[in-house]
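can't give you the sequence, but here's the structure:
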């Protein structure tokens, strides 16, 4: 169904050694958001390494994307169900069309057209990356990481947020599920595969559950259906 995924050689990938170094850094900061200088230092270190020669250069934004990808499931598990709801948001950058966690809403304004905008600071980025974004179109509740059993709730037609490792990126984009390949789970967890189409460029790819993030509205409708 649909176009085949692009060849692997066209895609950005962290090397095994780079992943090991980021995992060590994540352990050292105890799962917190890495400081901007740490992210930049890692990117520069990776680009200077012989293993990166001839490959697509690593950008600081890609390094931060990896940390956020690792931290999202961890943060979800750390939340105490008895705590009052803590609203967390993500916003879509006009620079690349990707979604990033919001650290702070700095100020707001109303355009002559009547459209409301807020100035956001993205988590892990400095003031130089602050942006004005449309409240109605580019700000929403943060997408949720999936547990192994959540795969049953993901169906063709669903809007998801997908962690995409591309030629020049390792960031989050909106996508729609086209097809679900159900597989028996094993000790490693969910083995299902999801054929998805990215909204911004219509590219298609088969991805594992660990790269899929559910929209909160989809989760609420699923829980409602389960309890009716």
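That came through, no problem. Here the structure is a predicted model, which is why all the values come from computation and not from measurement. Residues are numbered from 1 along each chain as shown.

quick check: closest non-adjacent residue to residue 163.
Nearest residue to residue 163 in three dimensions, chain neighbours excluded: residue 211, at 4.5 Å (C-beta to C-beta, 6 or more residues apart in numbering). Heads up, the C-betas are built off the backbone N, CA and C, glycines and all.

number of residues surrounding the one you found?
Neighbours of residue 211 under the rule other C-beta atoms under 10 Å: 20.

equivalent analysis for residue 181, please.
10.

any idea how far residue 28 is from residue 56?
Distance from residue 28 to residue 56, counting by C-beta to C-beta, to the nearest Å: 27 Å.

what are the ranges of the helices in the chain?
16-28, 36-48, 60-78, 135-138, 216-227 (DSSP state H).

centroid-nearest residue for the chain?
residue 172 (3.7 Å; C-alpha atoms, centre = their mean).

before we move on, the earlier item: between residue 28 and residue 56, who's got more neighbours?
More neighbours surround residue 56 than the other of residue 28 and residue 56, with 16 against 10 (other C-beta under 10 Å).

give me the distance between the more buried one and residue 170.
Residue 56 is 10 Å from residue 170, by C-beta to C-beta.

bridging residues for the residue nearest to residue 13 when sequence neighbours are not counted?
Leaving aside its sequence neighbours, residue 13 sits nearest to residue 165 (C-beta to C-beta, 6+ apart; 6.0 Å). For residue 165, the beta-bridge partners under DSSP bridges are residue 170.

right, and residue 165 touches residue 58 too?
No: here residue 165 does not reach residue 58: they are 11.7 Å apart, not a contact under C-beta atoms under 8 Å.

between the two, who's got more neighbours?
residue 58 (22 against 18).

and that one, what pLDDT?
Note on residue 58: pLDDT of 84.

and stretch 138-155, what's buried?
138, 139, 140, 142, 143, 144, 145, 146, 150, 151, 153, 154 (16 or more other C-beta atoms under 10 Å).

how far away is the fifth one from residue 149?
Spelled out, that is residue 143. For residue 143, the distance to residue 149 - C-beta to C-beta - is 18 Å.

residue 112 too?
For residue 112 relative to residue 149 (C-beta to C-beta), the value is 49 Å.

go on, residue 202?
Distance from residue 202 to residue 149, counting by C-beta to C-beta: 30 Å.

could you find the closest non-adjacent residue to residue 150?
Residue 150 sits nearest to residue 214 (C-beta to C-beta, 6+ apart), 6.7 Å away.

doesn't residue 160 make contact with the one you found?
Yes: if you go by C-beta under 8 Å, residue 214 and residue 160 touch, sitting 6.2 Å apart.

residues in contact with the residue nearest to residue 33 when sequence neighbours are not counted?
Excluding the flanking residues, the one nearest residue 33 by C-beta to C-beta, 6+ apart is residue 124, at 5.3 Å. Taking C-beta atoms under 8 Å, 6 or more residues apart in numbering, we find residue 124 in contact with 33, 34, 36, 39, 64, 67, 68, 101, 103.
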